[in-house]
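>>> Sequence plus predicted model, see below.
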Amino acid sequence: MILEIVSPEAKLFSAEVTSVTLPGVDGSFQILNNHAPIVSILGKGVVKITASNFAFAKEVASKFIKLDDQNYTLAITSGTIEMKDNKVIILAD
């Protein structure tokens, strides 16, 4: 599935991913390939991205923390998520 993460300053990430784990306001949840359509509010926490290949723009790379070759995290304070047609869009602060 395609994941896009957008902040008020810039597009932080756009690539094919395996899964994304998100800090929902009622608890953490995970989205996998071909997940049902969903719109949700995000709370303060960490977005965990799992993918086989990562490429970040130099100006935003410092926002991400590498766990291993296939997992990165991004701390957010709030946001929203939409999953539709195998594309996840995160609007994050």
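Nice, thanks for sending it over.

>>> Please point out which parts of the helix or strand harbouring Leu22 sit buried.
Using DSSP states H and E, Leu22 maps to strand 19-24. Neighbour-count burial for strand 19-24 flags 19-23 (criterion: 16 or more other Cβ atoms under 10 Å). In this view, the C-beta of every residue, glycine as well, is placed from N, C-alpha and C.

>>> Next up, phi/psi of Val46, please.
The phi and psi torsions at Val46 (degrees, to the nearest 10) take the values phi -120, psi 130.

>>> got the buried residues of strand 19-24 as CSV, with pLDDT and distance to Ile89 columns?
Shown next, in CSV, are the buried residues of strand 19-24 (pLDDT from 0 to 100; distance: Cβ to Cβ, whole Å):
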residue, pLDDT, distance to Ile89
Ser19, 97, 16
Val20, 98, 11
Thr21, 98, 16
Leu22, 98, 12
Pro23, 98, 16
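
>>> From those residues, pick the one nearest Ala57.
Nearest to Ala57, judged by Cβ to Cβ, of these is Val20 at 18.8 Å.

>>> which ones are touching that closest one?
3, 30-31, 47-50, 88, 90 (Cβ atoms under 8 Å, 6 or more residues apart in numbering).

>>> swap in Ile65?
72-75.

>>> of these, buried ones?
With neighbours counted by 16+ other Cβ under 10 Å, the contacts of Ile65 contain buried members at 72-74.

>>> Tell me the one of the residues you listed nearest Lys11?
Leu74 (12.8 Å).

>>> Assign that closest one to helix, strand or coil.
strand (DSSP: H, G, I helix; E, B strand; the rest coil).

>>> Setting aside sequence neighbours, what's the nearest residue to it?
On the basis of Cβ to Cβ, 6 or more residues apart in numbering, the spatially nearest residue to Leu74 that is not a chain neighbour turns out to be Val47, at 4.6 Å.

>>> Could I get the average pLDDT for stretch 83-91?
For stretch 83-91, the per-residue pLDDT values average out at 97.
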